[in-house]
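Enquirer: task: produce atomic coordinates for the following.
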Amino acid sequence: MLNKITTCLLFDGHAEEAARYYTSIFKGSKIVSTNPLVTIFRLEGQEFMALNGPKSEFTWAMSLVVTCKTQKEIDYYWSKLSAGGEEQPCGWVKDKFGVSWQVMPAVIPELLNDDDAKKVDRVMQAVLGMKKLDIAALKKAHASGMR
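Expert: Numbering: from 1, shown residues only. Predicted structure coming up:
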C-alpha cells in the first residue's frame with residue numbers, strides 16, 4: 001500500500017530500470033511491485049512510484065535531497081548518482097535518467113542558521129564555489145573565513 005503522499009516519477013519506458021538503479025544505490029531499499037506501467041520502490045523507507053509514460057523531461061525545479069553525515073557518504077552518493085549523469089554546482093547532481101538530486105551534508109542547516117551573518121555568508125560563498133560539497137571546507141569557511 002502506498003503512503004498518503006508518494007513521489008511519482010515519469011520515465012520514458014525506463015521505470016523499472018530506474019527503480020532498480022536507485023535501489024542498488026541506497027541500502028535497505030527494495031522494489032515493492034512492478035508491472036509494465038508502474039514500478040513501486042522504496043528508498044530509505046520512502047516510497048516512490050516510477051511510471052512508464054510519454055517522453056517528458058525532469059527539471060531541477062524538483063529534486064531529491066540525500067542528507068549525509070560524513071564526507072564518505074557524500075563521496076559515495078555523489079559518485080553513484082552522477083555516473084552517466086551530470087555533476088552540477090552547489091551539491092546538485094543530475095542522474096543518468098535526468099532526475100536532480102542534492103547531495104547535502106547534514107551539518108548544512110547548522111552552518112547556515114548561525115546568528116553571525118558573516119559566517120553564513122562565508123559558508124554560502126564556499127557552497128557556491130563547489131560542485132561536490134566538502135564538509136571540512138564548509139566548516140573551515142564557517143569557523144575562519146577561509147575558503
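Enquirer: ok, now which ones touch Asn3?
Expert: Contacts for Asn3 (C-beta atoms under 8 Å, 6 or more residues apart in numbering) come out as Gln46, Glu47. (Glycine included, C-beta is placed from N, CA and C.)
Enquirer: how close does it get to Arg42?
Expert: 10 Å (C-beta to C-beta, to the nearest Å).
Enquirer: for Asn35, same thing?
Expert: From Asn35 to Arg42 the distance is 17 Å (C-beta to C-beta).
Enquirer: what of Ala117?
Expert: Per C-beta to C-beta, Ala117 is found 40 Å from Arg42.
Enquirer: just the helices in the chain please.
Expert: Here the chain has its helices, by DSSP state H, at 15-25, 71-82, 108-112, 117-128, 135-144.
Enquirer: where in this protein is pLDDT low?
Expert: 1-2, 145-147 (pLDDT under 70).
Enquirer: could you list the domains of it?
Expert: 1-56, 57-147 (automatic domain parsing).
Enquirer: what residue is smack in the middle of this protein?
Expert: Geometric centre of the chain, nearest residue: Trp101, 2.9 Å, by C-alpha atoms, centre = their mean.
Enquirer: surely that residue touches Thr67?
Expert: No: using C-beta atoms under 8 Å, Trp101 makes no contact with Thr67, being 11.3 Å away.
Enquirer: can you get me a residue count around the residue lying closest to Ile74 once chain neighbours are set aside?
Expert: Take Ile74 and drop its neighbours on the chain: the residue closest to it by C-beta to C-beta, 6 or more residues apart in numbering is Cys68, 4.6 Å away. Look at Cys68: counted by other C-beta atoms under 10 Å, it has 22 neighbours.
Enquirer: quick one on the thing from earlier: the more surrounded of Asn35 and Arg42?
Expert: Using other C-beta under 10 Å, the more surrounded residue of Asn35 and Arg42 is Arg42, with 18 against 10.
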